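Asks: Please find the sequence and the predicted model below.
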Amino acid sequence: MQTEKAPLQTPQSPLPDSPWLKTWFEILHLKQLFRKGWLERGIVPAQCETVAEHTFGNAMLCLLLGQQQPELNLEKVLRMALIHDLGEVYVGDLTPRDNVDKTEKYPLEKAALTQILGDLPGSQILMENWEEYEAQETPEARFVKQIDRLEFALQAAHFEQGGLINAADLLLKVGEQISEAKEVAPFADLFIKGPN
């Protein structure tokens, strides 16, 4: 299965040897990585969402819905939304079919984030925010996780509207996971009625 549009590129001469440039090229690779679960459902690469597209959708939903949650630190929420899948640059987009549990995935993604961000000034706060997201112990981390699930469901509904998949099972599953989350209330009808 083709899981990326192109392999990871690193800056080559005549570009300067810069940790900023190296990191940016690594981050850009998220535009090349397909969300593998959609490929497994039969979405063709030409129509498949990338990890970068998912990250954008997640960050936009966090921004739009986070403004309605004054108790949250919105800046922290947006940092988490933007970096929550950054480790996939090196780990890839793992799905349940990969049989990699959280205890195996966590150190792989942490090592990837360290490789990507480690040489940059100020990267410590990003690493701390990623750790906070992974721990799911703060309101901001839980909010971003709920929005991550919501973005997934909205993408499923979008694909279904385009006739590309039947998303009823995904919407039911996600609806059960996030039904109590007040943050997703503006989209509650999607999980009651479905996208059609």
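Replies: Sure, I can see it. Numbering: from 1, shown residues only.

Asks: contacts and neighbour counts: CA atoms only from here.
Replies: Fine.

Asks: which of the residues in the longest helix that the chain contains are buried?
Replies: Counting residues, the longest helix found in the chain (DSSP state H) is helix 139-161. Within helix 139-161, the residues scored as buried using 16 or more other Cα atoms under 10 Å are 140-157, 159-160.

Asks: Output the contacting helices and strands for it.
Replies: Identification of packing neighbours for helix 139-161 by 3 or more Cα pairs under 8 Å, 6 or more residues apart in numbering; DSSP states H and E yields helix 51-66, helix 74-83, helix 123-135, helix 168-178.

Asks: can you list these in CSV and add mean pLDDT and distance to Lys22?
Replies: Putting the helices and strands packed on helix 139-161 into CSV (pLDDT from 0 to 100; distance: least, Cα to Cα, whole Å) gives the following:
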stretch, mean pLDDT, distance to Lys22
helix 51-66, 98, 17
helix 74-83, 98, 16
helix 123-135, 97, 14
helix 168-178, 90, 36
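
Asks: is it possible to export the ones you listed to a markdown table including mean neighbour count and distance to Phe34?
Replies: Formatted as a markdown table, the helices and strands packed on helix 139-161 follow (neighbours: other Cα atoms under 10 Å; distance: least, Cα to Cα, whole Å):
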| stretch | mean neighbour count | distance to Phe34 |
| --- | --- | --- |
| helix 51-66 | 20 | 6 |
| helix 74-83 | 20 | 17 |
| helix 123-135 | 17 | 21 |
| helix 168-178 | 16 | 18 |
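
Asks: So for Arg97, which of those helices sits nearest?
Replies: Of all those, it is helix 168-178 that lies closest to Arg97, at 15.5 Å by Cα to Cα.

Asks: So what touches the following helix or strand past that closest one?
Replies: For helix 168-178, the following helix or strand on the C-terminal side (DSSP states H and E) is helix 188-193. Helix 188-193 has contacts (Cα atoms under 8 Å, 6 or more residues apart in numbering) with 171-172, 175, 179.

Asks: Likewise for stretch 116-135?
Replies: Under Cα under 8 Å, 6+ apart, the answer for stretch 116-135 is 19-20, 22-23, 26-27, 76, 79-80, 83-84, 113-114, 138, 140-142, 144-145.

Asks: For the least confident helix or strand in the chain by mean pLDDT, what is the distance to the chain centroid?
Replies: Ranked by mean pLDDT, DSSP states H and E, the weakest helix or strand in the chain is helix 188-193, scoring a mean of 78. Averaged C-alpha coordinates place helix 188-193 at 22 Å from its chain's average position (Cα atoms, centre = their mean, to the nearest Å).

Asks: Repeat that for stretch 57-71.
Replies: The chain centre lies 15 Å from the centre of stretch 57-71; the measure is Cα atoms, centre = their mean.

Asks: I would like the residues contacting it, please.
Replies: The contact list for stretch 57-71, computed with Cα under 8 Å, 6+ apart, reads 72, 74, 77-78, 81-82, 144, 147-148, 151, 183-184.
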